[in-house]
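*Asks:* no sequence on this one, just coordinates:
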């Protein structure tokens, strides 16, 4: 894993894929699931569940892209801890409406069936903490290759966007992928516990990123101190890298998740507009 010292490609789970298809509907792992504030139709798009060749078999995922020959810029969509459910699928369609081939692989398909899990703490303990960073990074690489070979993706225009744990993934993937053009990290933790299979934090790799990052965070996020994100940004800038940090003072963690009580419409919409402008400015 070039650019991520300490990461090695570990053996895939001997259980194979626990999830062989995506969940239907929204995650069960919330105390209060509201109707989605945003629903994006598939008119003018090629959108739906796909099977992505991975290192040890077909990996379920969701793809949305414009109709037409392309090639389209590729956006790798990194899920929250809750799986590729209807919110993440809708995000892919939103990106496709903006002209992108958006692909969201189910990165936790080997570790657990997120469609049946109702407790976020159990998901973190039994699924997230047991997923090696090297595994999901390799899966994102596989998704990128598939997007180019099978989905009219432009191999010269690759970016990533992620939420929560997926926001952490944006930082790490930017330190791994030398040809990445941009990353957008929505409230991804920059610190956290280091383990044998998750040996480095986003802060650890901030000075090693290969692509500019737009970091969108909430000032009222009780789990991610703004000072820690500022420190990661400053480390990146000191190393000659580019991190644009935007903090929405009154927004909590999950402010873009329009199916949860944490949703803050104004911050979510402004952040989305900013994210699209950032991607366009980076040639995507």
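*Replies:* Looks like it came in fine. Here the structure is a predicted model, which is why all the values come from computation and not from measurement. Residues are numbered from 1 along each chain as shown.
*Asks:* all strands in this structure, in order from the N-terminus.
*Replies:* For the chain, strands defined by DSSP state E occupy the ranges 45-54, 57-66, 72-78, 101-105, 153-163, 182-186, 213-218, 243-248.
*Asks:* now the ones you listed as TSV including distance to residue 19 and mean pLDDT?
*Replies:* In short, each C-beta sits where N, CA and C put it, glycine included. Converted to TSV, those look like this (distance: least, C-beta to C-beta, whole Å; pLDDT from 0 to 100):
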stretch	distance to residue 19	mean pLDDT
strand 45-54	11	96
strand 57-66	6	95
strand 72-78	16	98
strand 101-105	11	98
strand 153-163	19	97
strand 182-186	23	98
strand 213-218	28	98
strand 243-248	33	98
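*Asks:* Next, please give the residue ranges for the helices of the stretch 101-250 of the chain.
*Replies:* Assigned by DSSP state H, counting those that start in this stretch, the helices in the stretch 101-250 of the chain fall at 120-126, 133-150, 165-176, 202-205, 226-238.
*Asks:* Okay, buried residues for the second one please.
*Replies:* So that's helix 133-150. 133-144, 146-148 (16 or more other C-beta atoms under 10 Å).
*Asks:* Show me which of the residues you listed is closest to residue 224.
*Replies:* residue 133 (18.7 Å; C-beta to C-beta).
*Asks:* Need the pLDDT of that closest one.
*Replies:* You'll see residue 133 listed with a pLDDT of 97.
*Asks:* any idea how far it lies from residue 205?
*Replies:* Per C-beta to C-beta, to the nearest Å, residue 133 is found 10 Å from residue 205.
*Asks:* Would you convert the helices of the stretch 101-250 of the chain into TSV that also reports distance to residue 55?
*Replies:* Output for the helices of the stretch 101-250 of the chain, formatted as TSV (distance: least, C-beta to C-beta, whole Å):
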stretch	distance to residue 55
helix 120-126	22
helix 133-150	6
helix 165-176	15
helix 202-205	22
helix 226-238	30
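*Asks:* Nearest to residue 107 among those helices would be which one?
*Replies:* helix 133-150 (4.3 Å).
*Asks:* quick one: residue 279 and residue 184 touch, right?
*Replies:* Yes: with contacts counted by C-beta atoms under 8 Å, residue 279 reaches residue 184, the gap being 7.2 Å.
*Asks:* Overlap of the contact sets of the two?
*Replies:* Taking C-beta atoms under 8 Å, 6 or more residues apart in numbering as the contact criterion, the common neighbours of residue 279 and residue 184 are residue 159.
*Asks:* before we move on, back to that, for residue 121, find the nearest of the strands of the chain.
*Replies:* Closest to residue 121 of the strands of the chain is strand 153-163 (C-beta to C-beta; 18.6 Å).
*Asks:* partners of that closest one in the sheet?
*Replies:* Sheet pairing of strand 153-163 (DSSP bridges) gives strand 72-78 (parallel), strand 182-186 (parallel).
*Asks:* Need the contact partners of the last one.
*Replies:* Taking contacts as C-beta under 8 Å, 6+ apart, the residues outside strand 182-186 that touch it are 159-164, 166-168, 170-171, 173-174, 202, 209, 211-217, 256, 271, 275, 278-279, 282, 284.
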